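> Have a look at this prediction, sequence included:
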Amino acid sequence: MTKISGSGFSVNTETLRSDADTWDEQTANVRKGREGLPCQPALIGASVGGEDIMGQALELLDTYVTYCSQGEDQFGASAVSLRKAANDYEDHEKEIF
C-alpha cells in the first residue's frame, strides 16, 4: 500500500520508507567518515611537536569519534522509526481512519 488516507489526512508510506533509506545512507556516510579518522597510535607516531599539541589533537579526535558514533545511532534510529511508522499506518489503516 502506498497512500493511506481518510478524513482529509493522508500518509504516503513509500515516502516514509524512501526517507528511511536516506537516513540509512547518511548513517553509512558518517560511519565511513568516522572509520576514516586516524587512530591514536598513528597520530602519536606522526608527532612532530610538543606533548600539549598532541594531547589537544587526541582530545579533539576523541570528540569527533564520539559525535560521529552518536550521529550514527540517531540516524539509524530515525530510519527504523520511519519504517515502523509506515508499517503501522498500513497495518492499522482501518483503526486510524
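Right, received. Where do you want to start? Numbers count the residues shown, from 1 in each chain.

> can you confirm Ser10 is in a helix?
No - counting by DSSP: H, G, I helix; E, B strand; the rest coil, one finds Ser10 to be strand, located in no helix.

> And it, how far from Glu59?
In this view, Ser10 and Glu59 are 50 Å apart by CB to CB, to the nearest Å. Where C-beta positions appear, they are placed from N, C-alpha and C, glycine not excepted.

> Which parts of the protein are strands?
In the chain, the strands defined using DSSP state E lie at 3-6, 9-12.

> which of those has the lowest average pLDDT?
Mean pLDDT is lowest for strand 3-6 among the strands of the chain, at a mean of 67.

> per-residue confidence at Leu58?
Leu58 is assigned a predicted lDDT (pLDDT) of 82.

> no wait, Val65
Note for Val65: predicted pLDDT of 91.

> Could you do the one 5 residues further on as well?
Note on Gln70: pLDDT of 96.

> Do I have it right that Arg34 meets Val65?
Yes - using CB atoms under 8 Å, Arg34 is in contact with Val65, at 6.0 Å.

> what residue is smack in the middle of the protein?
Central residue check for the chain by CA atoms, centre = their mean: the C-alpha nearest the mean position is that of Phe75, 2.2 Å away.

> Isn't that residue up against Asn29?
No - if you go by CB under 8 Å, Phe75 and Asn29 don't touch, sitting 9.0 Å apart.
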